[in-house]
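S.K.: What shape does this take:
(chains A and B)
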Amino acid sequence: MPQAKERAAALHAVTKRYGAVLAVDNLDLEVRRGEVLAVLGPNGAGKTTSISLLLGLLAPDAGRVELFGSAPTPAARRRIGAMLQVSYVPPTMRLEELVKLFGGYYDRPLAPGEALAAAGLADVSRRFAGQLSGGQKQRLMFALAICGRPDLVFLDEPTVGMDVEARRAFWTAIRGLAAEGRTVVLTTHYLEEADALADRIVVVNRGRVIAEGTPAEIKARSAGRRIRCVTRLSPAEVSALPGVTQVRRSGGFLEVLASRAEPAVLELLKRDPDLTDLEVTGAGLEEAFLALTETAQKEAA
Amino acid sequence: MNTSVAYANEARYELLRVARLPGFALPTILFPVMFYVFFGLVFGNRGGGPVHMPTYLLATYGTFGVIGPALFGFGVSLAVERGFGWLKLRRATPMPPSAYLLAKLFMAVVFAMLVAGILAGLGAAFGGVRLTAATWLSLLGALTVGCVPFCAMGLAIGAFAGPQSAPAVVNLLYLPMSLLSGLWMPLRVFPPLLQKVATFLPPYHLGEIALGSVGLSSSGEMTGHVLFLLAFGLACLGLAAIGLRRDQA
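M.R.: Okay, the predicted model is just below:
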């Protein structure tokens, strides 16, 4: 793990429950300075809860939350901006007023016009928030997230519900943030979005990290095969086999991700002739993601 | 960040936001004014009883009038902003939570002063309400300060009620409570049992303080009413703290 000062934010072994539901399960998550980190996962994976924990909006049941080296207090939040999933904006406030209101809590905020221009809303800055379309509201949320010139920007499902064109335009704005050297944490359930924007992807499901790597690594992994079997071989032994990229136990099964299935299966059978329940599945990007997701679900079950 | 500027900004925008809401400004100002004009000035002005009704009803409708902004302004707007995620977004900024709450308090108090001021102006102009400057000051002061424990009540409602149900909750508490506290018509026309019930209702106590400030309180003793409202306000704050903490748990 890098030095604390290279870290913008982190969850250390954080657990969060809602009643009987385990939303975040002993999760370690690290945000490195200057990176665009995508937290990828299906609905209900714990992405939004993770963001809320990092922002200090929720208190963890166990573990520690770190935001710029301290607890996520209002003072630490001076260096961050957040775009959350919000279904309401005060309808009688003008856009420029809202940006001024939010920017007023930061040390060197952008001029309201500047923040709105960055979000593509320069021509409607005098309009009331109640008059905005859904897409414009989303962009207003973006303007509010960046108006304080934050070092770290959280974007929780920023493009959900957008059409393809609007999404592409939004991606350009997010790339602009990265180009300015800001750290960006973005949650999404679109693989394509994570691939297009992120330096690093963390795949979560059921409140746990199930895969992590650069988009290239995640893609390489997903281009391979998933092998599942019951074997007496140890994970350490199997991970040394040809082409094997990842090994994990899942209930009574051993799950192996390999770039190619055949050499790995051959070796597996050679070393453990009693191996049973052999199953090989191929994985495209979507399938790999689903496979990773299912794995975690079966583990949790 | 200049803290005092940020607090002032928050308060100013909250006032502006609410002032532009016709659904808030109209009923909270119009209803007390309409009631007072109708019952206090048109009907209350007739006949020479021992009590000058326009003055009596200025105190009680004034009480009714300052509770409205507290419950609707504080309670309903908090319920809406909390329920639809706006409060969460605000909390994700460096904004100290006190700035948010003080802005709502400021807004409610300003509207309370506005309502009380309009009623006072109407009473003086058309109801023959004649008070010394000191009495005017103590009546308007009591109403303004008296709005605060009801802001705490609004805070508690806003901390628990859903965004859709909050207006109904507020109306279900505000209107019957006002009637039973003798804010719409003098308590002495009520049956004895209801008069007894009134003593458990917070608006009754603010009503008595307002009446006391113009020398028309039935009891004359103010300390009990003040203590009741103080305890009520603190209880509401405690309840609100529990409700708001749920959001972070």
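
S.K.: So what's the residue count around B:Arg188?
M.R.: Using other Cβ atoms under 10 Å in any protein chain shown, B:Arg188 is surrounded by 9 other residues. All C-beta spots, glycine's among them, are computed from the backbone N, C-alpha and C.

S.K.: does it really touch B:Ser218, like I thought?
M.R.: Yes: between B:Arg188 and B:Ser218 there is a contact at 7.5 Å, judged by Cβ atoms under 8 Å.

S.K.: Ramachandran angles for the residue in chain B that chain A sits nearest to?
M.R.: Scanning chain B for proximity to chain A using Cβ to the nearest Cβ identifies B:Phe84 as nearest, at 3.3 Å. Reported as degrees, to the nearest 10, the phi and psi values for B:Phe84 are phi -100, psi 10.

S.K.: Any figure for the gap between it and B:Gln164?
M.R.: Taking Cβ to Cβ, to the nearest Å as the measure, B:Phe84 falls 10 Å from B:Gln164.

S.K.: got the contact list for the residue of chain B closest to chain A?
M.R.: Listed by Cβ atoms under 8 Å, 6 or more residues apart in numbering or on different chains, the contact set of B:Phe84 reads A:Val86, A:Ser87, A:Tyr88, B:Pro163.

S.K.: Would you write a ChimeraX line that selects the buried entries of those?
M.R.: Here is the ChimeraX command that selects the buried residues among those (16 or more other Cβ atoms under 10 Å in any protein chain shown):
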select /A:86,88 /B:163
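
S.K.: want to throw the contacts of B:Phe84 into TSV with secondary structure?
M.R.: Shown next, in TSV, are these (DSSP: H, G, I helix; E, B strand; the rest coil):
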residue	secondary structure
A:Val86	coil
A:Ser87	coil
A:Tyr88	coil
B:Pro163	coil
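
S.K.: mind listing the helices for chain B?
M.R.: B:3-19, B:22-35, B:53-68, B:77-83, B:86-91, B:97-126, B:133-160, B:166-180, B:192-198, B:202-213, B:223-246 (DSSP state H).

S.K.: Of these, flag the one that's most buried.
M.R.: Stretch with highest mean neighbour count among the helices of chain B: helix B:53-68 (a mean of 28; mean count of other Cβ atoms under 10 Å in any protein chain shown).

S.K.: Would you mind pointing out the helix or strand A:Arg226 falls in?
M.R.: Assigned by DSSP states H and E, A:Arg226 belongs to strand A:225-230.

S.K.: Convert the C-alpha atoms of that strand to CSV, please.
M.R.: Provided in CSV are the C-alpha atoms of strand A:225-230 (Å, rounded to 0.1, in the frame of the first residue of the first chain):
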residue,chain,number,x,y,z
ARG,A,225,-11.7,-18.4,-19.0
ARG,A,226,-13.1,-19.3,-15.7
ILE,A,227,-12.5,-22.8,-14.4
ARG,A,228,-14.4,-24.2,-11.5
CYS,A,229,-13.8,-27.5,-9.8
VAL,A,230,-13.6,-29.4,-6.5
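
S.K.: Show me what it packs onto, helices and strands only.
M.R.: strand A:253-258, helix A:261-271, strand A:276-282 (3 or more Cβ pairs under 8 Å, 6 or more residues apart in numbering or on different chains; DSSP states H and E).

S.K.: who's in contact with the closest residue to B:Leu57 other than its chain neighbours?
M.R.: Nearest residue to B:Leu57 in three dimensions, chain neighbours excluded: B:Gly40, at 3.6 Å (Cβ to Cβ, 6 or more residues apart in numbering or on different chains). Applying Cβ under 8 Å, 6+ apart, we find B:Gly40 in contact with B:Met53, B:Pro54, B:Leu57, B:Leu58, B:Tyr61, B:Gly123, B:Gly127.

S.K.: what helix or strand does A:Val247 sit in?
M.R.: Taking DSSP H and E as the criterion, A:Val247 maps to strand A:244-250.

S.K.: and residue 154, what is it in contact with?
M.R.: In the absence of a named chain, chain A is used. Residues in contact with A:Phe154 (Cβ under 8 Å, 6+ apart) are A:Ile51, A:Leu54, A:Leu55, A:Ile80, A:Gly81, A:Ala82, A:Met83, A:Leu84, A:Ala145, A:Val185, A:Leu186, B:Ala92.

S.K.: Correction: the question concerned chain B.
M.R.: By Cβ under 8 Å, 6+ apart, the contact set of B:Gly154 is B:Ala70, B:Leu71, B:Phe72, B:Gly73, B:Phe74, B:Gly75, B:Val76, B:Leu78, B:Ala108, B:Val170.

S.K.: Show the pLDDT at the nearest residue to A:Gly56 once chain neighbours are set aside.
M.R.: Closest residue to A:Gly56 apart from its sequence neighbours, by Cβ to Cβ, 6+ apart: A:Pro72 at 2.9 Å. You'll see A:Pro72 listed with a pLDDT of 90.

S.K.: in the stretch 151-300 of chain A, which segments are predicted with low confidence?
M.R.: Within the stretch 151-300 of chain A, the stretches with pLDDT under 70 are A:220-223, A:282-300.

S.K.: residues from it in reach of chain B?
M.R.: Within the stretch 151-300 of chain A, the positions near chain B by Cβ under 8 Å from any Cβ of the partner chain are A:Phe154.

S.K.: For chain B, what's its nearest residue on the stretch 151-300 of chain A.
M.R.: A:Phe154 (7.7 Å).

S.K.: That residue - that's part of a helix, no?
M.R.: No: using three-state DSSP, the assignment for A:Phe154 is strand, not a helix.

S.K.: Could you pull up the contacting residues of the closest residue to it other than its chain neighbours?
M.R.: What sits nearest to A:Phe154 in space, not counting adjacent residues and going by Cβ to Cβ, 6+ apart, is A:Ala82, at 4.3 Å. Residues near A:Ala82 by Cβ under 8 Å, 6+ apart: A:Ile51, A:Leu55, A:Ala145, A:Val153, A:Phe154, A:Leu155, A:Asp156, B:Leu89, B:Ala92, B:Thr93.

S.K.: follow-up on the earlier one: closest one to A:Ala8 out of the contacts of B:Gly154, please.
M.R.: The shortest approach to A:Ala8 among those belongs to B:Leu78, at 32.1 Å (Cβ to Cβ).

S.K.: Spit out the contact partners of the closest one.
M.R.: B:Leu78 touches B:Leu87, B:Lys104, B:Gly154, B:Leu155, B:Ile157, B:Gly158, B:Ala159, counting by Cβ under 8 Å, 6+ apart.

S.K.: Please name the spatially closest residue to residue 79 (chain neighbours excluded).
M.R.: As the question left the chain open, I've gone with chain A. Per Cβ to Cβ, 6+ apart, closest to A:Arg79 is A:Asp151, 4.6 Å.

S.K.: I was after chain B.
M.R.: B:Ala166 (3.5 Å).

S.K.: roughly how far apart are the one you found and B:Gly75?
M.R.: Taking Cβ to Cβ, one finds B:Ala166 at 6 Å from B:Gly75.

S.K.: Give me the common contacts of these two.
M.R.: Joint contacts of B:Ala166 and B:Gly75 (Cβ under 8 Å, 6+ apart) are B:Ile157, B:Gly158.

S.K.: Quick check: A:Pro109 is in a helix.
M.R.: No: the assignment for A:Pro109 is coil, going by three-state DSSP, so no helix is present there.

S.K.: Surely it touches A:Gly103?
M.R.: Yes: taking contacts as Cβ under 8 Å, A:Pro109 lies within contact range of A:Gly103: 3.1 Å.

S.K.: What about A:Lys16? Give its phi and psi, please.
M.R.: The phi and psi values for A:Lys16, taken as degrees, to the nearest 10, are phi -140, psi 120.
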